[in-house]
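Asker: Here's a sequence, model it:
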Amino acid sequence: MRTIDISMPVHPAMPAFPGDPPVTVEPVQRIDRGDPYNLSRWTFGSHAGTHLDPPLHFLPEGAGADAFDLTTLNGPCTVVDVPAPARSVGPAEVAQIPRGTDRVLFRTTNSARWTHATRFFPDYVAVAPEAGAPLVARGVRLVGIDSLSIEHDPAGRFPLHHELLGAGVVILEGLQLADVAPGPYELRCLPLRVVGGDGGPCRAVLLAP
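Answerer: Below you'll find the predicted structure:
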């Protein structure tokens, strides 16, 4: 099997969603300063780079990152291409998902932009609110996208997050799919086991023949 890393590299200069803490790295121990080993202090938001949204992110009584069902995060998935000029993922794109698909990743024009972006771009392609009900109706258990948020909502109410998380659908954000062709794959995704975490930074890869 061929392994394709679809995770964002984590580093201090990486783009962050507006309002999220930046990534910082502070040397604590350094061999070149006479210390016996290298050790650093990292700080970053719980939704930095590639990450999962647990229910607790939006639902006060929801489960945290440590309670993810790993069988939901790992298994067959389908990558659906959403080419330009589409500015959102709507019901028409959801209709392209093969019946019986448990995990779907939407590859949009965001992925190509991430290959050279040095800062967050606010005009990213997102999933439209009206796509939430069709996704739930199809029985999808995990929805991934190549943006740092699955939705646009200037009003700050985030209806799509509430709808999907409330229906038990896991959200995977911050993917890099520029080199991934549409079609079937095996997803491997493991979040940090942060107790009560409102976000799940993770490493995500696809396995292909």
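Asker: And residue 7, how close does it get to residue 180?
Answerer: Separation of residue 7 from residue 180 (C-beta to C-beta, to the nearest Å): 12 Å. For the C-beta atoms, the positions are set from N, CA and C on the backbone; glycine is no exception.
Asker: Equivalent analysis for residue 1, please.
Answerer: The gap separating residue 1 from residue 180 is 14 Å, by C-beta to C-beta.
Asker: Comparing those two, which residue is more hemmed in?
Answerer: Using other C-beta atoms under 10 Å, the more surrounded residue of residue 1 and residue 180 is residue 180, with 19 against 9.
Asker: Check the gap between the residue located most distally from the centre of the chain and residue 175 for me.
Answerer: What lies farthest from the middle of the chain is residue 34; by C-alpha atoms, centre = their mean that is 39.6 Å. Distance, residue 34 to residue 175, using C-beta to C-beta: 41 Å.
Asker: likewise residue 4?
Answerer: Noted for residue 4: a distance of 11 Å to residue 175, by C-beta to C-beta.
Asker: Counting neighbours, go ahead and name the busier of those two.
Answerer: Under the criterion of other C-beta under 10 Å, the comparison of residue 4 against residue 175 puts residue 175 first, with 29 against 17.
Asker: so what's the backbone phi/psi at the more buried one?
Answerer: For residue 175, the backbone dihedrals (degrees, to the nearest 10) come out as phi -80, psi 160.
Asker: Residue 64 too?
Answerer: Here residue 64 shows phi and psi, under degrees, to the nearest 10, equal to phi -90, psi -180.
Asker: thought it was touching residue 57?
Answerer: No: using C-beta atoms under 8 Å, residue 64 is not in contact with residue 57; the gap is 9.0 Å.
Asker: Need the overlap of contacts for these two.
Answerer: Between them, residue 64 and residue 57 share these contacting residues under C-beta atoms under 8 Å, 6 or more residues apart in numbering: residue 198.
Asker: Bridging across strands, which residues link to the residue nearest the centre of the chain?
Answerer: The chain has residue 173 as the residue nearest its centroid, 1.6 Å off, counting by C-alpha atoms, centre = their mean. Beta-bridge pairing for residue 173 (DSSP bridges): residue 51.
Asker: Would you mind listing where the chain has pLDDT under the threshold?
Answerer: Within the chain, no range satisfies pLDDT under 70.
Asker: if you count residues, which helix in it comes out on top?
Answerer: Determined from DSSP state H, the single longest helix within the chain is helix 159-166.
Asker: What residues of that one count as buried?
Answerer: For helix 159-166, a neighbour-count test (16 or more other C-beta atoms under 10 Å) marks 160, 161, 163, 164, 165 as buried.
Asker: quick one: the second one from residue 29, how far?
Answerer: What that stands for is residue 161. On the measure of C-beta to C-beta, residue 161 and residue 29 end up 40 Å apart.
Asker: now the strands for the chain?
Answerer: Under the criterion DSSP state E, the chain contains strands at 2-5, 24-29, 39-43, 51-53, 75-81, 88-89, 103-107, 126-127, 142-145, 170-173, 183-191, 200-208.
Asker: Could you export those as JSON lines, including distance to residue 16?
Answerer: Output for those, formatted as JSON lines (distance: least, C-beta to C-beta, whole Å):
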{"stretch": "strand 2-5", "distance to residue 16": "20"}
{"stretch": "strand 24-29", "distance to residue 16": "11"}
{"stretch": "strand 39-43", "distance to residue 16": "12"}
{"stretch": "strand 51-53", "distance to residue 16": "11"}
{"stretch": "strand 75-81", "distance to residue 16": "25"}
{"stretch": "strand 88-89", "distance to residue 16": "22"}
{"stretch": "strand 103-107", "distance to residue 16": "21"}
{"stretch": "strand 126-127", "distance to residue 16": "17"}
{"stretch": "strand 142-145", "distance to residue 16": "17"}
{"stretch": "strand 170-173", "distance to residue 16": "12"}
{"stretch": "strand 183-191", "distance to residue 16": "18"}
{"stretch": "strand 200-208", "distance to residue 16": "12"}
